[in-house]
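[1] coordinates only, sequence not included:
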């Protein structure tokens, strides 16, 4: 999952996923990180001002409401039930997503991306030139 690492609202969402993704399937990359920018470039997306959550699954990059619902599908019950909203037309889902996130910066912004704790570190995509990159 690629998210705005300096957005408090986005970080709250990431914290929620960390708590409810018990299998640890979802990995995170702030859009400001080298790993996040690499993924964005690979899919022809702008690397600045991303403004939405993105989910990479294999060679598929989902954004906005589709990304949120595909993330929900991976969470444990009852959160996984939210995936049923995928049946709602994407235009309406994305409009609701945009409406819900337009005030996200009112929650505040951080000066820099949140640093994962030692216990969370394995859930973050390492930067390509990081000496701690996973094999």
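    Sure, I can see it. The model shown is predicted, which means the values in this text are computed figures rather than measured ones. Numbering: from 1, shown residues only.

[2] Any stretches of this structure with poor pLDDT?
    With pLDDT under 70 as the threshold, the chain has low-confidence stretches at 104-114, 130-135.

[3] which residues in it form strands?
    Assignment of strands within the chain using DSSP state E yields the ranges 2-3, 29-30, 54-57, 60-63.

[4] Please identify the deepest-packed of the ones you listed.
    Highest mean neighbour count of the strands of the chain: strand 2-3, a mean of 27 (counted as mean count of other Cβ atoms under 10 Å). All C-beta atoms are positioned from the backbone trio N, CA, C, and that covers glycine.

[5] Please list the outside residues in contact with that one.
    10-11, 13-14, 28-31, 36, 39-40, 50, 53-56 (Cβ atoms under 8 Å, 6 or more residues apart in numbering).

[6] swap in stretch 40-51?
    Contacts of stretch 40-51 from elsewhere in the structure, counted by Cβ under 8 Å, 6+ apart, are 2, 4, 31, 37, 54, 61.

[7] now for these, which pair is the farthest apart?
    Greatest spatial distance among the contacts of stretch 40-51 (Cβ to Cβ): 4 and 61, at 15.9 Å.

[8] Show me the helices in this protein, by range?
    8-20, 34-42, 64-74, 90-101 (DSSP state H).

[9] Can you give me the buried ones in the second one?
    Right, the one you point to is helix 34-42. 35-37, 39-40 (16 or more other Cβ atoms under 10 Å).

[10] same deal with the longest one?
    Of all the residues in helix 8-20, those buried under the rule 16+ other Cβ under 10 Å are 8-11, 13-14, 17-18, 20.

[11] same question, stretch 85-95
    Within stretch 85-95, the residues that qualify as buried are 93-94, counting by 16+ other Cβ under 10 Å.

[12] Offset the numbering so it begins at 4, please.
    Okay, using 4 as the starting number, the last item reads as stretch 88-98.

[13] got the contact list for that stretch?
    Judged by Cβ under 8 Å, 6+ apart, the contacts made with stretch 88-98 from elsewhere in the structure are 67-69, 72-73.

[14] Tell me the most packed of these, by neighbour count.
    Within the contacts of stretch 88-98, neighbour counts (other Cβ atoms under 10 Å) peak at residue 68, which reaches 23 neighbours.
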